[in-house]
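*Asks:* Sharing a sequence plus its predicted fold:
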Amino acid sequence: MSSTLTSTFRKQTRGSVDLVVKNAKLLLESGIARGGIGVIDGIIVVIAGDEHLPEAATVIDADGKILMPGLIDVHAHIHDPTMMEHETFTTGSKAAVAGGITTFVDMPLTNQVDTSKAVEEKIAQGEEMSIADFTFYAGMMNSDNIVAIPALIEKGIAAFKAFTCMPYQTSSGVIVKCLSAMSEYGGHLTVHAEDQGILNEFSREMDDEWDAPISHSLARPNIAEQLAIQKCINIAEQTGGHLHIAHVTTREGVHEVEKGRLRGVMVTTEVCPHHLVFYRDEMNRLGTKSKMNPPLRSKQDRAALWSALLRGNIDAVASDHAPCPIEKKDAGSEDIRNAWSGVDGIQMILRVLLSEGINKARMTYSRLLRVCSRNPARIFGLYPKKGVLRIGADADFVIVDQNREEKISNDMMESKCGWTLYEGMTMMGVPVMTFIRGTLVFKEGNVVAKPGYGKFQAMGSGNRPIGD
Ligand SMILES: [Zn+2]
(Lines give C-alpha, C1' and ligand atoms only; values in the text may rest on other atoms or scores of the structure.)
Protein backbone atom coordinates (compact mmCIF):
# COMPACT_ATOMS: atom_id res chain seq x y z
CA MET A 1 0.00 0.00 0.00
CA SER A 2 0.99 3.61 0.12
CA SER A 3 4.60 4.37 0.81
CA THR A 4 3.59 7.95 1.64
CA LEU A 5 1.75 6.64 4.69
CA THR A 6 4.82 4.69 5.74
CA SER A 7 7.24 7.57 5.39
CA THR A 8 4.91 9.91 7.28
CA PHE A 9 4.72 7.32 9.99
CA ARG A 10 8.53 6.96 10.20
CA LYS A 11 8.92 10.70 10.65
CA GLN A 12 6.31 10.70 13.42
CA THR A 13 7.53 7.74 15.41
CA ARG A 14 11.28 7.32 14.82
CA GLY A 15 11.33 4.03 16.70
CA SER A 16 9.94 0.58 16.59
CA VAL A 17 6.26 0.03 17.19
CA ASP A 18 4.58 -2.02 19.92
CA LEU A 19 2.60 -4.34 17.69
CA VAL A 20 2.42 -5.28 14.04
CA VAL A 21 -0.18 -7.58 12.55
CA LYS A 22 0.85 -8.64 9.05
CA ASN A 23 -0.39 -10.85 6.23
CA ALA A 24 -4.05 -9.89 6.68
CA LYS A 25 -6.96 -8.99 4.47
CA LEU A 26 -7.73 -5.53 5.85
CA LEU A 27 -11.34 -4.32 5.75
CA LEU A 28 -10.78 -0.64 5.06
CA GLU A 29 -13.39 2.02 4.29
CA SER A 30 -12.10 2.00 0.72
CA GLY A 31 -12.31 -1.77 0.29
CA ILE A 32 -10.22 -4.86 1.04
CA ALA A 33 -6.41 -4.55 0.94
CA ARG A 34 -3.64 -7.05 1.65
CA GLY A 35 -1.17 -6.02 4.31
CA GLY A 36 -1.10 -5.16 7.96
CA ILE A 37 -1.22 -2.52 10.66
CA GLY A 38 1.20 -1.14 13.22
CA VAL A 39 0.24 0.10 16.69
CA ILE A 40 1.89 2.41 19.23
CA ASP A 41 0.27 3.10 22.62
CA GLY A 42 -3.02 1.58 21.50
CA ILE A 43 -3.33 3.75 18.39
CA ILE A 44 -3.02 2.66 14.75
CA VAL A 45 0.07 4.42 13.37
CA VAL A 46 0.62 2.60 10.11
CA ILE A 47 -1.49 0.72 7.56
CA ALA A 48 0.62 -0.69 4.77
CA GLY A 49 1.52 -3.61 2.55
CA ASP A 50 3.59 -6.23 4.36
CA GLU A 51 6.82 -5.11 2.72
CA HIS A 52 6.39 -1.61 4.20
CA LEU A 53 5.51 -2.60 7.75
CA PRO A 54 8.04 -1.55 10.41
CA GLU A 55 9.84 -3.64 13.01
CA ALA A 56 7.81 -4.26 16.16
CA ALA A 57 8.16 -5.68 19.63
CA THR A 58 5.34 -8.12 18.85
CA VAL A 59 4.55 -9.37 15.35
CA ILE A 60 1.46 -11.44 14.64
CA ASP A 61 0.98 -13.26 11.35
CA ALA A 62 -2.73 -13.18 10.47
CA ASP A 63 -2.15 -15.96 7.96
CA GLY A 64 -4.26 -14.33 5.27
CA LYS A 65 -7.33 -13.95 7.49
CA ILE A 66 -9.71 -10.98 7.58
CA LEU A 67 -8.73 -8.15 9.93
CA MET A 68 -11.61 -5.75 10.51
CA PRO A 69 -12.39 -2.95 12.99
CA GLY A 70 -13.85 -4.26 16.24
CA LEU A 71 -17.63 -4.38 16.24
CA ILE A 72 -19.65 -1.77 18.10
CA ASP A 73 -22.83 -3.22 19.58
CA VAL A 74 -25.13 -0.25 20.09
CA HIS A 75 -27.93 -2.01 21.98
CA ALA A 76 -27.02 -4.40 24.77
CA HIS A 77 -28.55 -4.85 28.22
CA ILE A 78 -25.32 -5.60 30.05
CA HIS A 79 -25.27 -4.10 33.48
CA ASP A 80 -28.22 -3.14 35.60
CA PRO A 81 -27.31 -2.99 39.31
CA THR A 82 -30.77 -4.32 40.18
CA MET A 83 -30.52 -7.29 37.80
CA MET A 84 -27.00 -8.60 38.16
CA GLU A 85 -28.22 -12.19 38.09
CA HIS A 86 -28.81 -11.61 34.34
CA GLU A 87 -25.48 -10.14 33.29
CA THR A 88 -22.79 -7.77 34.55
CA PHE A 89 -20.18 -5.53 33.03
CA THR A 90 -17.68 -8.40 33.49
CA THR A 91 -19.67 -11.32 32.08
CA GLY A 92 -21.31 -9.25 29.34
CA SER A 93 -18.00 -7.79 28.18
CA LYS A 94 -16.44 -11.28 28.10
CA ALA A 95 -19.26 -12.35 25.77
CA ALA A 96 -18.66 -9.16 23.76
CA VAL A 97 -14.96 -9.72 23.08
CA ALA A 98 -15.64 -13.41 22.36
CA GLY A 99 -17.89 -12.11 19.59
CA GLY A 100 -15.39 -9.60 18.18
CA ILE A 101 -17.07 -6.62 19.85
CA THR A 102 -14.66 -4.02 21.20
CA THR A 103 -17.15 -1.33 22.34
CA PHE A 104 -20.74 -1.78 23.45
CA VAL A 105 -23.51 0.65 24.28
CA ASP A 106 -25.29 -0.54 27.41
CA MET A 107 -28.99 0.12 27.79
CA PRO A 108 -30.71 0.31 31.16
CA LEU A 109 -33.42 -2.17 32.17
CA THR A 110 -35.16 -1.20 35.39
CA ASN A 111 -32.52 1.04 36.94
CA GLN A 112 -32.91 4.57 35.57
CA VAL A 113 -29.84 6.34 34.22
CA ASP A 114 -31.06 9.89 33.87
CA THR A 115 -28.97 12.14 36.11
CA SER A 116 -25.34 13.26 36.08
CA LYS A 117 -24.81 11.33 39.30
CA ALA A 118 -26.20 8.11 37.80
CA VAL A 119 -23.88 8.59 34.81
CA GLU A 120 -20.83 9.03 37.03
CA GLU A 121 -21.73 5.92 39.04
CA LYS A 122 -22.19 3.84 35.92
CA ILE A 123 -18.87 5.00 34.45
CA ALA A 124 -17.14 4.00 37.69
CA GLN A 125 -18.80 0.55 37.71
CA GLY A 126 -17.90 -0.07 34.08
CA GLU A 127 -14.28 1.03 34.45
CA GLU A 128 -13.94 -1.33 37.40
CA MET A 129 -15.70 -4.34 35.85
CA SER A 130 -15.68 -4.21 32.06
CA ILE A 131 -13.10 -5.82 29.77
CA ALA A 132 -14.37 -4.07 26.63
CA ASP A 133 -14.72 -0.34 26.05
CA PHE A 134 -18.24 0.84 26.73
CA THR A 135 -20.67 3.68 26.79
CA PHE A 136 -24.35 3.72 27.62
CA TYR A 137 -27.81 5.09 27.07
CA ALA A 138 -29.69 7.48 29.26
CA GLY A 139 -33.24 6.41 29.98
CA MET A 140 -35.90 5.51 30.18
CA MET A 141 -37.08 8.96 29.12
CA ASN A 142 -40.20 10.42 30.73
CA SER A 143 -41.72 13.83 31.35
CA ASP A 144 -39.57 14.38 34.45
CA ASN A 145 -36.09 13.70 33.09
CA ILE A 146 -36.29 15.58 29.76
CA VAL A 147 -34.78 18.61 31.50
CA ALA A 148 -31.60 16.62 32.19
CA ILE A 149 -30.82 16.11 28.48
CA PRO A 150 -28.33 19.01 28.00
CA ALA A 151 -26.36 18.06 31.14
CA LEU A 152 -26.23 14.39 30.11
CA ILE A 153 -24.98 15.30 26.62
CA GLU A 154 -22.35 17.45 28.30
CA LYS A 155 -21.19 14.30 30.14
CA GLY A 156 -20.84 12.35 26.89
CA ILE A 157 -24.17 10.52 27.01
CA ALA A 158 -25.91 11.51 23.78
CA ALA A 159 -28.21 8.51 23.24
CA PHE A 160 -31.61 8.44 24.93
CA LYS A 161 -34.16 5.62 25.07
CA ALA A 162 -37.94 5.73 25.03
CA PHE A 163 -40.75 3.21 24.55
CA THR A 164 -44.11 3.60 22.82
CA CYS A 165 -45.29 0.47 24.66
CA MET A 166 -45.15 -1.21 28.04
CA PRO A 167 -43.30 -1.64 30.34
CA TYR A 168 -41.80 1.86 29.94
CA GLN A 169 -44.51 3.37 27.75
CA THR A 170 -44.26 7.11 27.44
CA SER A 171 -46.58 9.62 25.82
CA SER A 172 -46.22 11.07 22.34
CA GLY A 173 -45.67 14.37 24.13
CA VAL A 174 -42.47 13.08 25.72
CA ILE A 175 -41.24 11.87 22.33
CA VAL A 176 -41.98 15.31 20.83
CA LYS A 177 -40.06 17.03 23.63
CA CYS A 178 -37.12 14.61 23.48
CA LEU A 179 -36.75 14.94 19.71
CA SER A 180 -37.03 18.73 20.01
CA ALA A 181 -34.17 18.58 22.51
CA MET A 182 -32.17 16.37 20.09
CA SER A 183 -32.72 19.00 17.43
CA GLU A 184 -31.38 21.69 19.73
CA TYR A 185 -28.55 19.92 21.57
CA GLY A 186 -27.62 17.01 19.24
CA GLY A 187 -27.59 13.35 20.16
CA HIS A 188 -30.44 11.04 19.27
CA LEU A 189 -33.55 9.39 20.66
CA THR A 190 -33.86 5.62 20.22
CA VAL A 191 -37.41 4.34 20.31
CA HIS A 192 -38.74 0.85 20.95
CA ALA A 193 -41.63 1.19 18.51
CA GLU A 194 -44.75 -0.94 19.01
CA ASP A 195 -48.22 0.59 19.44
CA GLN A 196 -49.60 -0.41 22.85
CA GLY A 197 -53.24 -0.09 21.82
CA ILE A 198 -52.78 -2.70 19.11
CA LEU A 199 -50.88 -5.02 21.44
CA ASN A 200 -53.70 -4.78 24.00
CA GLU A 201 -56.39 -5.64 21.48
CA PHE A 202 -54.56 -8.55 19.83
CA SER A 203 -53.51 -10.00 23.18
CA ARG A 204 -57.17 -10.32 24.14
CA GLU A 205 -57.77 -12.53 21.12
CA MET A 206 -55.30 -15.16 22.30
CA ASP A 207 -57.76 -16.43 24.95
CA ASP A 208 -56.49 -19.78 26.19
CA GLU A 209 -53.75 -20.26 23.62
CA TRP A 210 -50.98 -18.83 25.76
CA ASP A 211 -49.42 -22.25 26.29
CA ALA A 212 -48.06 -22.02 22.72
CA PRO A 213 -44.96 -19.77 22.46
CA ILE A 214 -46.06 -18.58 18.99
CA SER A 215 -48.98 -16.73 20.63
CA HIS A 216 -46.47 -14.17 21.87
CA SER A 217 -45.75 -13.18 18.28
CA LEU A 218 -49.36 -13.39 17.06
CA ALA A 219 -50.39 -10.99 19.84
CA ARG A 220 -47.92 -8.37 18.53
CA PRO A 221 -48.80 -7.96 14.82
CA ASN A 222 -46.68 -6.12 12.25
CA ILE A 223 -49.03 -3.15 12.16
CA ALA A 224 -48.17 -2.38 15.80
CA GLU A 225 -44.58 -1.73 14.73
CA GLN A 226 -45.56 0.10 11.55
CA LEU A 227 -47.89 2.57 13.26
CA ALA A 228 -45.45 3.35 16.06
CA ILE A 229 -42.60 3.94 13.59
CA GLN A 230 -44.84 6.14 11.42
CA LYS A 231 -45.75 8.27 14.41
CA CYS A 232 -42.16 8.69 15.58
CA ILE A 233 -40.97 9.55 12.07
CA ASN A 234 -43.67 12.21 11.82
CA ILE A 235 -42.43 13.67 15.09
CA ALA A 236 -38.81 13.56 13.90
CA GLU A 237 -39.87 15.35 10.73
CA GLN A 238 -41.68 18.08 12.67
CA THR A 239 -38.92 18.62 15.21
CA GLY A 240 -35.78 17.95 13.15
CA GLY A 241 -34.36 15.69 15.88
CA HIS A 242 -32.39 12.51 15.09
CA LEU A 243 -34.60 9.44 15.62
CA HIS A 244 -33.11 5.96 15.82
CA ILE A 245 -35.55 3.05 15.55
CA ALA A 246 -34.43 0.18 17.76
CA HIS A 247 -34.60 -3.38 16.40
CA VAL A 248 -36.77 -3.07 13.29
CA THR A 249 -38.42 -6.43 12.57
CA THR A 250 -41.08 -6.05 9.84
CA ARG A 251 -41.17 -5.30 6.14
CA GLU A 252 -43.68 -2.54 6.89
CA GLY A 253 -41.35 -1.02 9.47
CA VAL A 254 -38.42 -1.04 7.05
CA HIS A 255 -40.64 0.58 4.42
CA GLU A 256 -41.67 3.39 6.80
CA VAL A 257 -38.02 4.13 7.55
CA GLU A 258 -37.20 4.18 3.83
CA LYS A 259 -40.09 6.56 3.11
CA GLY A 260 -39.00 8.85 5.93
CA ARG A 261 -35.44 8.97 4.66
CA LEU A 262 -36.60 9.73 1.14
CA ARG A 263 -38.28 12.86 2.41
CA GLY A 264 -35.21 13.85 4.35
CA VAL A 265 -36.14 12.85 7.90
CA MET A 266 -33.14 12.14 10.15
CA VAL A 267 -34.01 8.53 10.96
CA THR A 268 -31.61 5.62 11.37
CA THR A 269 -32.32 2.04 12.37
CA GLU A 270 -30.85 -1.26 13.50
CA VAL A 271 -31.70 -4.95 13.23
CA CYS A 272 -30.98 -7.80 15.67
CA PRO A 273 -29.21 -11.04 14.77
CA HIS A 274 -32.09 -13.21 16.04
CA HIS A 275 -34.53 -11.55 13.65
CA LEU A 276 -32.13 -12.32 10.80
CA VAL A 277 -31.90 -16.01 11.72
CA PHE A 278 -35.14 -17.26 13.27
CA TYR A 279 -38.79 -16.85 12.29
CA ARG A 280 -42.21 -17.13 13.88
CA ASP A 281 -43.12 -20.67 12.83
CA GLU A 282 -40.10 -21.96 14.73
CA MET A 283 -41.28 -20.59 18.07
CA ASN A 284 -43.14 -23.65 19.31
CA ARG A 285 -40.09 -25.79 18.53
CA LEU A 286 -37.63 -23.31 20.11
CA GLY A 287 -39.84 -22.86 23.18
CA THR A 288 -39.81 -20.08 25.75
CA LYS A 289 -36.23 -19.03 24.88
CA SER A 290 -37.57 -17.60 21.61
CA LYS A 291 -39.62 -14.92 23.40
CA MET A 292 -38.35 -11.39 22.91
CA ASN A 293 -39.78 -7.96 21.98
CA PRO A 294 -40.40 -7.22 19.23
CA PRO A 295 -41.10 -10.89 18.54
CA LEU A 296 -39.90 -13.22 15.80
CA ARG A 297 -41.74 -12.51 12.53
CA SER A 298 -42.50 -14.32 9.28
CA LYS A 299 -39.97 -15.64 6.77
CA GLN A 300 -41.00 -12.81 4.43
CA ASP A 301 -40.13 -10.25 7.09
CA ARG A 302 -36.78 -11.92 7.64
CA ALA A 303 -36.04 -11.70 3.90
CA ALA A 304 -37.02 -8.00 3.91
CA LEU A 305 -34.58 -7.32 6.76
CA TRP A 306 -31.65 -8.94 4.94
CA SER A 307 -32.53 -7.04 1.79
CA ALA A 308 -32.72 -3.67 3.59
CA LEU A 309 -29.44 -4.39 5.35
CA LEU A 310 -27.72 -5.07 2.05
CA ARG A 311 -29.22 -1.96 0.42
CA GLY A 312 -28.09 0.29 3.26
CA ASN A 313 -31.59 1.05 4.51
CA ILE A 314 -30.82 -0.57 7.83
CA ASP A 315 -27.77 1.16 9.29
CA ALA A 316 -26.55 -1.21 11.96
CA VAL A 317 -26.79 -4.67 13.48
CA ALA A 318 -27.24 -4.58 17.25
CA SER A 319 -27.71 -7.48 19.64
CA ASP A 320 -30.48 -6.31 22.01
CA HIS A 321 -28.62 -8.77 24.23
CA ALA A 322 -30.96 -9.43 27.18
CA PRO A 323 -30.59 -12.96 28.47
CA CYS A 324 -31.89 -14.15 31.85
CA PRO A 325 -31.37 -17.02 34.25
CA ILE A 326 -32.97 -20.03 32.53
CA GLU A 327 -35.59 -20.34 35.30
CA LYS A 328 -37.11 -17.06 34.10
CA LYS A 329 -37.64 -18.66 30.67
CA ASP A 330 -38.92 -21.93 32.13
CA ALA A 331 -41.51 -19.94 34.10
CA GLY A 332 -43.41 -19.53 30.82
CA SER A 333 -43.64 -23.18 29.87
CA GLU A 334 -47.40 -23.33 30.64
CA ASP A 335 -48.15 -19.72 29.74
CA ILE A 336 -45.72 -17.81 27.51
CA ARG A 337 -46.76 -14.52 29.15
CA ASN A 338 -44.82 -15.59 32.26
CA ALA A 339 -41.47 -16.01 30.46
CA TRP A 340 -38.80 -13.28 30.44
CA SER A 341 -38.62 -11.40 27.12
CA GLY A 342 -35.10 -11.35 25.79
CA VAL A 343 -32.29 -13.48 24.35
CA ASP A 344 -28.52 -13.60 24.15
CA GLY A 345 -26.87 -12.04 21.11
CA ILE A 346 -23.71 -10.08 21.83
CA GLN A 347 -21.49 -13.11 21.13
CA MET A 348 -23.48 -13.95 17.99
CA ILE A 349 -23.71 -10.79 15.82
CA LEU A 350 -20.49 -11.35 13.89
CA ARG A 351 -21.01 -15.10 13.64
CA VAL A 352 -24.52 -14.60 12.22
CA LEU A 353 -23.36 -12.04 9.65
CA LEU A 354 -20.44 -14.20 8.54
CA SER A 355 -22.38 -17.45 8.40
CA GLU A 356 -25.88 -16.40 7.35
CA GLY A 357 -24.82 -13.22 5.55
CA ILE A 358 -21.45 -13.45 3.78
CA ASN A 359 -21.55 -17.21 3.44
CA LYS A 360 -25.04 -17.18 1.90
CA ALA A 361 -24.38 -14.15 -0.35
CA ARG A 362 -26.86 -11.92 1.54
CA MET A 363 -24.04 -9.63 2.69
CA THR A 364 -20.77 -8.22 1.39
CA TYR A 365 -17.64 -7.40 3.38
CA SER A 366 -18.14 -3.74 2.63
CA ARG A 367 -21.63 -3.84 4.19
CA LEU A 368 -20.32 -5.90 7.09
CA LEU A 369 -17.84 -3.15 7.91
CA ARG A 370 -20.55 -0.51 7.67
CA VAL A 371 -23.32 -2.19 9.66
CA CYS A 372 -21.09 -3.57 12.42
CA SER A 373 -18.45 -0.92 12.94
CA ARG A 374 -18.49 2.26 10.90
CA ASN A 375 -22.18 3.21 11.02
CA PRO A 376 -22.62 2.39 14.73
CA ALA A 377 -19.58 4.56 15.47
CA ARG A 378 -20.98 7.40 13.40
CA ILE A 379 -24.54 7.26 14.75
CA PHE A 380 -23.28 7.12 18.36
CA GLY A 381 -20.66 9.85 18.00
CA LEU A 382 -17.61 7.57 18.41
CA TYR A 383 -16.23 7.94 14.89
CA PRO A 384 -13.42 8.05 13.76
CA LYS A 385 -11.77 7.09 17.06
CA LYS A 386 -13.76 3.85 16.88
CA GLY A 387 -15.31 1.82 14.07
CA VAL A 388 -12.62 2.15 11.43
CA LEU A 389 -9.08 1.07 10.57
CA ARG A 390 -7.44 4.42 10.10
CA ILE A 391 -4.22 6.07 11.23
CA GLY A 392 -4.94 7.81 14.53
CA ALA A 393 -7.89 5.55 15.39
CA ASP A 394 -7.90 3.27 18.42
CA ALA A 395 -6.38 -0.11 17.53
CA ASP A 396 -9.64 -1.99 18.12
CA PHE A 397 -9.82 -4.91 15.72
CA VAL A 398 -10.83 -8.52 15.26
CA ILE A 399 -9.21 -11.25 13.21
CA VAL A 400 -11.75 -13.55 11.60
CA ASP A 401 -11.39 -17.03 10.14
CA GLN A 402 -14.10 -17.11 7.50
CA ASN A 403 -13.31 -20.71 6.55
CA ARG A 404 -13.69 -22.25 9.98
CA GLU A 405 -16.85 -24.11 10.93
CA GLU A 406 -18.12 -24.06 14.49
CA LYS A 407 -20.96 -25.79 16.27
CA ILE A 408 -22.66 -23.29 18.58
CA SER A 409 -23.11 -24.62 22.09
CA ASN A 410 -24.26 -23.34 25.47
CA ASP A 411 -20.78 -24.23 26.77
CA MET A 412 -19.00 -21.65 24.64
CA MET A 413 -21.21 -18.79 25.87
CA GLU A 414 -19.42 -16.28 28.11
CA SER A 415 -22.73 -14.72 29.17
CA LYS A 416 -23.68 -15.19 32.80
CA CYS A 417 -26.80 -17.08 31.74
CA GLY A 418 -24.90 -19.80 29.91
CA TRP A 419 -27.52 -20.61 27.27
CA THR A 420 -28.07 -19.52 23.72
CA LEU A 421 -31.00 -19.53 21.33
CA TYR A 422 -28.50 -20.67 18.66
CA GLU A 423 -27.56 -23.90 20.51
CA GLY A 424 -26.77 -26.73 18.08
CA MET A 425 -26.46 -24.60 14.92
CA THR A 426 -23.40 -25.07 12.75
CA MET A 427 -21.95 -21.77 11.58
CA MET A 428 -19.19 -20.82 9.19
CA GLY A 429 -16.88 -17.98 10.25
CA VAL A 430 -15.26 -17.50 13.64
CA PRO A 431 -13.68 -14.49 15.41
CA VAL A 432 -10.29 -15.84 16.51
CA MET A 433 -8.57 -12.83 18.10
CA THR A 434 -9.92 -9.55 19.46
CA PHE A 435 -7.75 -6.51 20.30
CA ILE A 436 -8.81 -3.39 22.17
CA ARG A 437 -6.48 -0.35 22.03
CA GLY A 438 -3.72 -2.65 20.80
CA THR A 439 -4.08 -5.20 23.61
CA LEU A 440 -5.09 -8.79 22.93
CA VAL A 441 -8.27 -9.43 24.94
CA PHE A 442 -9.57 -12.64 23.35
CA LYS A 443 -7.75 -15.49 21.63
CA GLU A 444 -9.11 -18.78 20.28
CA GLY A 445 -12.00 -19.21 22.68
CA ASN A 446 -10.29 -17.66 25.72
CA VAL A 447 -10.80 -14.21 27.22
CA VAL A 448 -7.27 -13.09 28.15
CA ALA A 449 -7.82 -9.59 29.58
CA LYS A 450 -8.87 -8.66 33.10
CA PRO A 451 -11.99 -6.79 34.24
CA GLY A 452 -11.16 -3.11 34.52
CA TYR A 453 -9.37 -2.89 31.17
CA GLY A 454 -12.47 -1.39 29.51
CA LYS A 455 -12.72 2.38 29.30
CA PHE A 456 -15.76 4.63 29.11
CA GLN A 457 -16.14 6.30 25.71
CA ALA A 458 -17.86 9.68 25.63
CA MET A 459 -20.22 10.16 22.69
CA GLY A 460 -20.02 13.23 20.51
CA SER A 461 -23.38 14.85 19.94
CA GLY A 462 -23.28 15.95 16.30
CA ASN A 463 -25.77 14.57 13.83
CA ARG A 464 -24.40 11.91 11.54
CA PRO A 465 -25.20 11.24 7.91
CA ILE A 466 -27.47 8.29 7.09
CA GLY A 467 -27.96 5.82 4.28
CA ASP A 468 -24.28 5.04 3.83
ZN1 LIG B 1 -33.46 -3.73 24.25
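*Replies:* Everything's here; your move. Residues are numbered from 1 along each chain as shown.
*Asks:* Show me where the stretch 51-200 of the chain has its helices.
*Replies:* With helices called from DSSP state H, counting those that start in this stretch, the stretch 51-200 of the chain shows them at 89-98, 116-129, 149-154, 172-185, 196-204.
*Asks:* so can I have JSON lines of these showing mean neighbour count?
*Replies:* Glycine gets a C-beta too; all of them are placed from N, C-alpha and C. JSON lines is the format used below for the helices of the stretch 51-200 of the chain (neighbours: other Cβ atoms under 10 Å):
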{"stretch": "helix 89-98", "mean neighbour count": "29"}
{"stretch": "helix 116-129", "mean neighbour count": "16"}
{"stretch": "helix 149-154", "mean neighbour count": "19"}
{"stretch": "helix 172-185", "mean neighbour count": "20"}
{"stretch": "helix 196-204", "mean neighbour count": "15"}
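*Asks:* out of those helices, nearest to residue 405?
*Replies:* With respect to residue 405, and counting by Cβ to Cβ, the nearest of the helices of the stretch 51-200 of the chain is helix 89-98 at 17.1 Å.
*Asks:* Point out where this structure drops to low pLDDT.
*Replies:* For the chain, the stretches with pLDDT under 70 are 1-15, 462-468.
*Asks:* hmm, back to that, now for the helices of the stretch 51-200 of the chain, which one comes closest to residue 395?
*Replies:* Nearest to residue 395, of all those, is helix 89-98, at 14.2 Å by Cβ to Cβ.
*Asks:* So which elements touch the closest one?
*Replies:* The contact analysis (3 or more Cβ pairs under 8 Å, 6 or more residues apart in numbering; DSSP states H and E) places helix 89-98 against strand 71-76, strand 101-106, helix 116-129, strand 426-436, strand 439-443, strand 446-447.
*Asks:* Turn the helices of the stretch 51-200 of the chain into a markdown table, columns for distance to residue 249.
*Replies:* As requested, the helices of the stretch 51-200 of the chain are exported to a markdown table (distance: least, Cβ to Cβ, whole Å):
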| stretch | distance to residue 249 |
| --- | --- |
| helix 89-98 | 23 |
| helix 116-129 | 28 |
| helix 149-154 | 28 |
| helix 172-185 | 20 |
| helix 196-204 | 14 |
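*Asks:* and the nearest residue to residue 297 once chain neighbours are set aside, what does it touch?
*Replies:* Closest residue in space to residue 297, ignoring its immediate chain neighbours: residue 249 at 5.2 Å, by Cβ to Cβ, 6 or more residues apart in numbering. Counting by Cβ atoms under 8 Å, 6 or more residues apart in numbering, residue 249 touches 225, 271-272, 275, 294-297, 301, 305.
*Asks:* Please repeat the previous calculation with a cut-off of 7 Å.
*Replies:* 225, 275, 294, 297, 301 (Cβ atoms under 7 Å, 6 or more residues apart in numbering).
*Asks:* Same question for residue 115.
*Replies:* Residue 115 makes contacts with residue 148, as judged by Cβ under 7 Å, 6+ apart.
*Asks:* Name the residues of stretch 286-305 that are buried.
*Replies:* Neighbour counts over stretch 286-305 (16 or more other Cβ atoms under 10 Å) mark 286-298, 301-302, 304-305 as buried.
*Asks:* ditto for stretch 138-145
*Replies:* Neighbour-count burial for stretch 138-145 flags 138-142, 145 (criterion: 16+ other Cβ under 10 Å).
*Asks:* ditto for stretch 329-346
*Replies:* Neighbour count says stretch 329-346 has 329, 331-332, 336, 339-346 buried, by 16+ other Cβ under 10 Å.
*Asks:* what two of the residues you listed are the furthest from one another?
*Replies:* Spanning the widest gap among the buried residues of stretch 329-346 are 336 and 346, at 24.1 Å by Cβ to Cβ.
*Asks:* What is the burial count for residue 110?
*Replies:* Residue 110 has 11 neighbours, counted by other Cβ atoms under 10 Å.
*Asks:* do the same with the one 4 residues further on
*Replies:* Number of residues near residue 114 (other Cβ under 10 Å) recorded here: 24.
*Asks:* where does it sit relative to residue 361, distance-wise?
*Replies:* Going from residue 114 to residue 361 by Cβ to Cβ, to the nearest Å gives 44 Å.
*Asks:* ok so, going back, quick one: which of the buried residues of stretch 329-346 is nearest to residue 434?
*Replies:* When those are ranked by distance to residue 434 (Cβ to Cβ), residue 346 comes first, at 12.4 Å.
*Asks:* Leaving out sequence neighbours, find the closest residue to the closest one.
*Replies:* Among residues not flanking residue 346 along the chain, residue 321 sits closest, at 4.0 Å (Cβ to Cβ, 6+ apart).
*Asks:* residue contacts, the one you found?
*Replies:* Going by Cβ under 7 Å, 6+ apart, residue 321 touches 76-78, 344-346.
*Asks:* gap between stretch 387-406 and the chain center?
*Replies:* Mean C-alpha position of stretch 387-406 versus that of the full chain (Cα atoms, centre = their mean, to the nearest Å) differs by 16 Å.
*Asks:* What residues of that stretch count as buried?
*Replies:* Buried residues in stretch 387-406 (16+ other Cβ under 10 Å): 387-391, 393-401, 406.
*Asks:* likewise stretch 208-227?
*Replies:* For stretch 208-227, the buried set under the neighbour-count rule, 16+ other Cβ under 10 Å, comprises 210, 213-227.
*Asks:* can I see the domain layout of this structure?
*Replies:* Using automatic domain parsing, the domain ranges for the chain come out as 3-67+392-442, 70-379.
*Asks:* The ones you listed: which one's closest to residue 451?
*Replies:* Closest approach to residue 451 among the domains of the chain (Cβ to Cβ): domain 70-379, 4.6 Å.
*Asks:* Distance from the closest one to the middle of the chain?
*Replies:* Centroid displacement of domain 70-379 relative to its chain, using Cα atoms, centre = their mean, is 8 Å.
*Asks:* And for stretch 443-450?
*Replies:* For stretch 443-450, the separation from the chain centroid amounts to 21 Å (computed by Cα atoms, centre = their mean).
*Asks:* So in the protein, which helix runs the longest?
*Replies:* helix 222-239 (DSSP state H).
*Asks:* what's downstream of that helix, the next helix or strand?
*Replies:* Moving toward the C-terminus from helix 222-239, the next helix or strand (DSSP states H and E) is strand 242-245.
*Asks:* Quick check: which element contains residue 418?
*Replies:* Taking DSSP H and E as the definition, residue 418 sits outside all helices and strands.
*Asks:* If we ignore the residues flanking it in sequence, what's nearest residue 27?
*Replies:* Per Cβ to Cβ, 6+ apart, closest to residue 27 is residue 68, 3.9 Å.
*Asks:* how much space between that neighbour and residue 258?
*Replies:* Separation of residue 68 from residue 258 (Cβ to Cβ): 27 Å.
*Asks:* out of these two, which sits in the more crowded spot?
*Replies:* A direct count of neighbours by other Cβ under 10 Å for residue 68 and residue 258 places residue 68 higher, at 26 against 16.
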